[in-house]
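[1] Okay, predicted coordinates and the sequence, questions at the end:
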Amino acid sequence: MVLQKRKKSISLFNMSTATNTMEKIVSLCKRRGFIFPSSEIYGGFSSCYDYGPLGVELKNNVKKAWWQAMVQANQDIFGLDSSILMHPKIWEASGHVENFTDPLVDCKKCKKRFRADHLLETSRGIKPDLDGRRDVPIDLKNIKCPDCGGDLTEPRTFNLLMKTYIGPLEDSSALAYLRGETCQGIYVNFLNIIDSQRRKLPFGIAQIGKAFRNEITPGNFTFRMREFEQMEMQWFCKPEEAPKWFEQWREKRMQWYLDLGLRKENIHWRQHETDERAHYAKDAWDIELKFPFSKAGEWSELAGVHNRGDWDLSRHSKFSGQELSVVDEETKEKFYPYIIETSDGADRATLAFLTDAYTEVQTRSGEEDTKHETEVVLRLHPRLAPIKIAVLPLSKKIELQKTSQIVLDLVKAKWMCQYDDTGSIGKRYRRQDEIGTPYCITVDFATLEDQAVTVRDRDTMKQDRIKISELSQYFQNKLNF
């Protein structure tokens, strides 16, 4: 991972907590163009990452699959793309200005910063409530710095909202925030959706967009970052119907991950304890995954489904002066809809699919010099794979290249493809396996005679001889999502 002519080495994530497998995945991401450290030629920028040519395709495929499942497949869910910059009073109404905080401590010796609640949980198994819902103080007596053993400062409050200023002056009148979550943009557009789409309850609003949090201790590669992308849907319904919808959305969200290839043994549900939930939450469940960096026996949060009650619309009604209640057609009584939230992260989901698909196998390329090596196969679901089809001429002979270009032009019109004529055919197969390409087309000398090519399946290693004229239909059957 050390590059030539770099100003200094760059740590992609906290190696002290990473497993060997996670290190290999991070290396693969850099080497094959999935994910790069941000601002790398300037020494990097902490916990920010850039998606390379393959990474942006993978992440876009994840977002597309989510959008199709949530918006395209549901006539009662509507898309939205709200502004990142919004009226600062929105964040007062949501409670972020007052309560969106973490307890921060510094090591007096090495000067590193830590979240006090994480240290307390790691050292004593206590998970304190940060909003005053549990009577557990942040008492770090006798707890030392986990890195150097030094003494720690007293905990102090640290707000996670990222501040900015609108206009020429940087004073309190110009203060604004980069949004800490995308859902607030949905709540403040609730009436706009009702009016423009002529909708009645129940219905949903979905959004994919950037969010920003000034995390104290981001880490584990793209798992926790300061700039990230959320995929959220807010389902508005009558209060008495909320439990029914909650269970339905729980089932659908878990099935989405399973349908896209996450292994059932690596994923599960965890219900929040009563004193762990936000004070307004009626119920909350997290989908958790065994990431490579997860400690033995532990799981890490992947997504969530939450019953938020009527907190959000009632708060925004109070702070904005705009009534966001609706009228029951039968009783004629006004009420605030309950909200069932499904919350997924585009970056975290992309990382989940990457890590769960990573597989090491014994050499299968057939190369004499690699018989005893370990190869990497990224068993991504074909729907998510950055490259769907690779076109590989058996040699650089001009007649094979011309025919390969014809084949490439035929398939690239519908699917993301890659052309590769560098190196032996075995090494090229290995490269495509490493990036998760489900199908490779080999154009050989027999192709010039029979106008057929060999199609190799990444997972089964089965090879089919297919006429060039039949390739479109062949892949239409294989890649019909």
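    Done, it's in.

[2] Let me know the distance separating residue 410 from residue 480.
    Using CB to CB, to the nearest Å, residue 410 is found at 17 Å from residue 480. (C-beta placed from N, C-alpha, C; glycine too.)

[3] The two - which one has more neighbours?
    Neighbour count, other CB atoms under 10 Å: between residue 410 and residue 480, residue 410 has more, with 17 against 7.

[4] now the nearest residue to residue 107 once chain neighbours are set aside: how far from residue 152?
    Nearest residue to residue 107, sequence neighbours excluded (CB to CB, 6 or more residues apart in numbering): residue 145, at 3.9 Å. Counting by CB to CB, the gap from residue 145 to residue 152 is 6 Å.

[5] Now the common contact residues for those two.
    107, 114 (CB atoms under 8 Å, 6 or more residues apart in numbering).

[6] where in the chain is pLDDT low?
    1-19, 101, 124-138, 364-372 (pLDDT under 70).

[7] Which helix in it has the most residues?
    Using DSSP state H, we find that the single longest helix of the chain is helix 242-259.

[8] What residues sit buried inside that helix?
    242, 245-246, 249-250, 253-254, 256-257 (16 or more other CB atoms under 10 Å).

[9] how about a markdown table for those residues, with distance to residue 62 added?
    Shown next, in a markdown table, are the buried residues of helix 242-259 (distance: CB to CB, whole Å):
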| residue | distance to residue 62 |
| --- | --- |
| 242 | 28 |
| 245 | 24 |
| 246 | 24 |
| 249 | 19 |
| 250 | 20 |
| 253 | 14 |
| 254 | 16 |
| 256 | 10 |
| 257 | 11 |
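
[10] Closest one to residue 180 out of these, please.
    residue 253 (21.9 Å; CB to CB).

[11] And the helices in the stretch 151-300 of the chain?
    Along the stretch 151-300 of the chain, counting by DSSP state H, counting those that start in this stretch, helices occupy 183-187, 190-197, 242-259.

[12] do the same with the stretch 301-450 of the chain
    Along the stretch 301-450 of the chain, counting by DSSP H, counting those that start in this stretch, helices occupy 311-320, 346-357, 398-412, 425-435, 447-450.

[13] looking at these, which is buried most?
    Among the helices of the stretch 301-450 of the chain, helix 346-357 has the highest mean neighbour count (mean count of other CB atoms under 10 Å), at a mean of 23.

[14] picking up where we left off before, could you point out which of the helices of the stretch 301-450 of the chain sits nearest residue 25?
    helix 346-357 (5.8 Å).

[15] Report the angle between the closest one and helix 242-259.
    Calculated by axes from the mean of the first three to the mean of the last three CA atoms, to 10 degrees, helix 346-357 forms an angle of 50 degrees with helix 242-259.

[16] How far away from the center of its chain is helix 346-357?
    Distance of helix 346-357 from the chain centroid (CA atoms, centre = their mean, to the nearest Å) equals 6 Å.

[17] now the helices: where do they sit in the stretch 1-150 of the chain?
    20-32, 53-67, 88-93, 96-99, 116-124.

[18] Let's see the shortest one as CSV, backbone CA atoms only.
    Yep, that's helix 96-99 we're talking about. The C-alpha trace of helix 96-99 is given here as CSV (Å, rounded to 0.1, in the frame of the first residue of the first chain):
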residue,chain,number,x,y,z
HIS,A,96,-29.6,18.6,17.0
VAL,A,97,-28.3,22.0,18.2
GLU,A,98,-29.0,21.1,21.8
ASN,A,99,-28.6,17.3,22.0
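
[19] Now do it: everything it contacts.
    88, 91-92, 130-131, 159-161, 177, 180.

[20] and what of the third one?
    Contacts of helix 88-93 with the rest of the structure, by CB under 8 Å, 6+ apart, involve 97-98, 100, 161, 175-177, 180, 184, 188, 315-316, 318-320.

[21] Okay, buried residues for the particular helix or strand that has residue 453 in it please.
    Using DSSP states H and E, residue 453 sits in strand 452-457. Within strand 452-457, the residues that count as buried by 16+ other CB under 10 Å are 452-456.

[22] Out of these, which comes closest to residue 123?
    Nearest member of those to residue 123, counting by CB to CB, is residue 456, at 52.0 Å.

[23] separation between the closest residue in space to the closest one that isn't next to it in sequence and residue 463?
    Excluding its sequence neighbours, the residue lying closest to residue 456 (CB to CB, 6+ apart) is residue 440, at 4.5 Å. Distance of residue 440 to residue 463, computed by CB to CB: 9 Å.

[24] cool, and residue 281?
    53 Å.

[25] Comparing those two, which shows the higher neighbour count?
    Between residue 281 and residue 463, counted using other CB under 10 Å, residue 281 has the larger neighbour count: 16 against 12.

[26] Need the phi and psi values for the more buried one.
    Dihedral angles phi and psi of residue 281 (degrees, to the nearest 10) take the values phi -80, psi 130.

[27] Let me know whether it touches residue 272 as I believe.
    Yes: Residue 281 lies in contact with residue 272 (CB atoms under 8 Å); the separation is 7.4 Å.

[28] one step back: which stretch among the helices of the stretch 1-150 of the chain is buried most, on average?
    The stretch of the helices of the stretch 1-150 of the chain with the highest mean neighbour count (mean count of other CB under 10 Å) is helix 53-67, at a mean of 20.

[29] Now do that one and helix 20-32, the angle between them.
    110 degrees.

[30] tally of neighbours for residue 184?
    Using other CB under 10 Å, residue 184 has 20 other residues around it.

[31] before we move on, the earlier item: how about the helices of the stretch 301-450 of the chain in TSV, adding distance to residue 54?
    Shown next, in TSV, are the helices of the stretch 301-450 of the chain (distance: least, CB to CB, whole Å):
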stretch	distance to residue 54
helix 311-320	38
helix 346-357	10
helix 398-412	16
helix 425-435	6
helix 447-450	28
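
[32] nearest to residue 79, of these?
    helix 346-357 (14.8 Å).

[33] separation between residue 381 and residue 223?
    On the measure of CB to CB, residue 381 and residue 223 end up 20 Å apart.

[34] ok, these two, which is more surrounded?
    Counted by other CB under 10 Å, residue 381 and residue 223 do not tie: residue 223 has more neighbours, with 23 against 17.

[35] correct me, but the more buried one touches residue 300?
    Yes: using CB under 8 Å, residue 223 is in contact with residue 300, at 6.9 Å.
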